Structures are given as structure tokens and as C-alpha cells.
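**Q** have a look at this prediction, sequence included:
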Amino acid sequence: MPLWVIVTLVLTGIGVGFAEPGRFSYALGAATLYVFLPPLLFEAAWNLDARQLLSAWKPIFALAVPGVALTTIVVAGALALVGFPWPASLLIGAMVSATDPIAVVAIFRRLPVPAVLSTIVQSEALLNDAMAVVVYRSILLALAAGLTIESSLRIAGQAVLGAAAGIALGAAFAAVIGHLVIRRRGDTMQILATLGGAYASYFAADAAHASGIFAVIAFGIALREVERRSITIVVVEDVGRFWDVLALLANTLVFFLTGAAIELFRVGRAPVAAAAALGGILIARLALAYVLTPLAMGRLVDRRWLNVVRVANARGALSLALAIALPLSIPSRGTIIDITFTLVLATLLSSAFTVPRAADAFKA
């Protein structure tokens, strides 16, 4: 999906949301978490090159795990410096710690960047998305239990186990579904298996208090390897075409709803806090791009690669959905949502200008 289309959809949604303020906010929250996210995560995972993923696992891991923790802390620290309460600061840091997988994948598929670099950026968006949700839920549980060292360590351990359980569950779904459909080579069966498996792994993991996002990603990557070794090229292409169309439709709706959910009259209500949080995001991204990524790769890295990593910084539907899903009992909930609206709008629109310019360096 071209960037100008994404920007047009978001701006169109903003116009509709301005005419009907508040009407689309909760629709986006529920739709993102339970309708759009499972198939879009699966489609992105299905199309990842497993060999490139393994070859670039160090920078992907660094950006997705320590990167999420660093961004959460830096953003929370920036907010605390301007007097924002620590609990609310940590929640905002967690919600905006991850680049939006829907936006990043839709953008980078069309850019003239090396395949390995595209894999790093897309994989980071998928995995740090899962990590951000784990951190967000852990902070909510810690706040409910009281921010003690004992409760925080216990919740952190549960979060790690939940992520591992999600990965194991997704891989198990891939093994079972792959085995069941190997003998049935029709494209309809393959399509139904991938679609049903994406939702089944997500909701099964969620019901088991594991990470549904990790489950879908693991399911998509593992099933791709199982299926593509066992089915014909024609069927693979048919499945791919189905998911291309479904992803296009889902992306269109997500970007429109993202814009519609951003209530313009709430943007800029907390300008000092929003500016501090945006500064925290930018500082953290600079550290991830120019310090953490070269260290993880262990060699001299082309600066053009690092520039692309730096600008792959869009926040979107997931951050909004998490903000809208905050319990009503959370102190400063309204201000947290206001700040999140501002950050999503700022990073989405800035990406429209910075990402193409960084990618153009590879055309020379």
C-alpha cells in the first residue's frame, strides 16, 4: 500500500471522526484487537523469509526486546520530568514503545530497500508489538497489585512464561493444522486452514493467558515452512493471493478507523506532556538505530540501513486500541488517551515524509 494512500485514508478518517467525534474510538479498539490483528499478523508472518529472519535474528531481537524496554523507560522518564505521574507515564511508554506492525508492514513492502533490511524492520514491528502488549498488561497487573518489587518480579515472570507459551501454542497449531491439510491439496482447504488457524491460535492463547500475538506470529512462520514443503506452487500462489486481498481490505479499514478514532479536539490537550513523550520516542529511536543495531549486528553497518531503522517509527492502531482499552479506574485515563492520539497522529504523518526519503538513498 503506497504511503500516499495510507495518509489519504488516515486524513479521510480524521475528517469523518471530526464530524462524528467519539463514535469510532471503541469500534477501533475492539476491531483492532479481535478482528483485524490476527489475520494481519498472520499475513505478515506468512510472507517473512525464514532464512533471512534467522540470519538477522540478533538485530531483530535487540530492537524487539531490549528496544521495547528502553523505549518504555525513556518515554516514561521524559513524561516524569515534566511532572506526569509515574504509573501513567509507564503505561504511555509501554503503549507507544512499539512501532505499529500494520503501518510498518504496509509501508515497507513497496520500498526499494534491501530484502534483509526490510525483514529486520518488519520483524521488529511484529515482535515489538507483541512485547509492548506484554509490557502493557504487566504494568496494568502491577498497578492493580501495588507497585512492589515482589509483585513486579512475579508479574514479569508470568509475562515471560506467557510469551513462551504463546510461541509454543502457535507452533503446535501449525504442526497440527499442517499435518491435517497436507493430504488435501485444494486451495480452498489451505485458505480455510490458514484463516481459521490465525484466529484459533490467537484466541486459544488469549484464553490460556498466554500471548495471542506471539501465538499468531509463531503459527504463521511455522505453518509457512510446513505448508510450502508439502503443497504445490499453484496452491501457494492461490493462498498468497487470498491473503494479499484480505490484507489490503483490512489495512484500508484499519487506517480509516485509525484516523476516525483520533478525536482532533483532544489532540494537543496536554501539549507539554505530549511533546515530552514525542521527544522520548525520538531519543529512544536514535539510540536503537545508531547504538543498539550496530552492536547487535557486530559489524560496520551501512548508514543508510541505520537511517531506515531510525525513521521506521510510526505508531498507529495498536497504540490507540491499547489506550482506549484502559480500565476506567486508571488515574489520568483521559489525559493518557489525549497524549496517545497526539503521538499516533504525529508519528504517522511524519513517517509519510521521512520514510520515502530514507529509502530513496538505495535507488542510487
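**A** Great, that's in hand. Residues are numbered from 1 along each chain as shown.
**Q** mind listing what Ala88 touches?
**A** 79, 330-332, 335-336 (Cβ atoms under 8 Å, 6 or more residues apart in numbering). Every residue, glycine included, has its C-beta placed from N, CA and C.
**Q** rerun at 6 Å
**A** Ala88 makes contact with 332, 336, according to Cβ atoms under 6 Å, 6 or more residues apart in numbering.
**Q** what are the ranges of the helices in the stretch 201-350 of the chain?
**A** Taking DSSP state H, counting those that start in this stretch as the test, the helices found in the stretch 201-350 of the chain are 212-228, 233-261, 271-287, 293-297, 303-311, 317-324, 333-360.
**Q** okay, now the unreliable bits of the stretch 101-250 of the chain?
**A** 146-153, 182-187, 227-237 (pLDDT under 70).
**Q** need the helices of the stretch 201-350 of the chain in CSV (columns: distance to Leu140).
**A** Converted to CSV, these look like this (distance: least, Cβ to Cβ, whole Å):
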stretch, distance to Leu140
helix 212-228, 16
helix 233-261, 21
helix 271-287, 19
helix 293-297, 30
helix 303-311, 29
helix 317-324, 10
helix 333-360, 12
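**Q** next, the buried residues of stretch 289-301.
**A** 289-290, 292-294, 296-297, 301 (16 or more other Cβ atoms under 10 Å).
**Q** reformat those as a markdown table; add pLDDT and distance to Gly220.
**A** Formatted as a markdown table, these follow (pLDDT from 0 to 100; distance: Cβ to Cβ, whole Å):
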| residue | pLDDT | distance to Gly220 |
| --- | --- | --- |
| Ala289 | 92 | 27 |
| Tyr290 | 93 | 31 |
| Leu292 | 93 | 26 |
| Thr293 | 92 | 24 |
| Pro294 | 92 | 29 |
| Ala296 | 91 | 24 |
| Met297 | 87 | 25 |
| Val301 | 81 | 28 |
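**Q** tell me the one of those nearest Trp4?
**A** Ala289 (24.9 Å; Cβ to Cβ).
**Q** the nearest residue to that closest one once chain neighbours are set aside and Thr72, how far apart?
**A** Spatial nearest neighbour of Ala289, excluding adjacent residues (Cβ to Cβ, 6 or more residues apart in numbering): Arg310 at 3.8 Å. Between Arg310 and Thr72 the distance is 18 Å, computed by Cβ to Cβ, to the nearest Å.
**Q** neighbour count winner among those two?
**A** Set Arg310 next to Thr72 and count neighbours by other Cβ atoms under 10 Å: Thr72 wins out with 27 against 18.
**Q** list the contacts of that one.
**A** 93-94, 97, 135.
**Q** kindly recompute the last result at 10 Å.
**A** By Cβ atoms under 10 Å, 6 or more residues apart in numbering, the contact set of Thr72 is 89-98, 131-132, 135-136, 139, 280, 284.
**Q** any figure for the gap between it and Ala277?
**A** 11 Å.
**Q** same check on Ala317?
**A** In terms of Cβ to Cβ, Ala317 sits 18 Å off from Ala277.
**Q** returning to what we had before: make JSON lines from the buried residues of stretch 289-301 and add distance to Tyr34 to it.
**A** Shown next, in JSON lines, are the buried residues of stretch 289-301 (distance: Cβ to Cβ, whole Å):
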{"residue": "Ala289", "distance to Tyr34": "33"}
{"residue": "Tyr290", "distance to Tyr34": "37"}
{"residue": "Leu292", "distance to Tyr34": "33"}
{"residue": "Thr293", "distance to Tyr34": "33"}
{"residue": "Pro294", "distance to Tyr34": "38"}
{"residue": "Ala296", "distance to Tyr34": "34"}
{"residue": "Met297", "distance to Tyr34": "37"}
{"residue": "Val301", "distance to Tyr34": "39"}
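**Q** just give me the closest of these to Leu223.
**A** Ala296 (27.6 Å).
**Q** ok, and the closest non-adjacent residue to the closest one?
**A** Nearest one to Ala296, counting by Cβ to Cβ, 6+ apart, is Ala62 at 3.7 Å.
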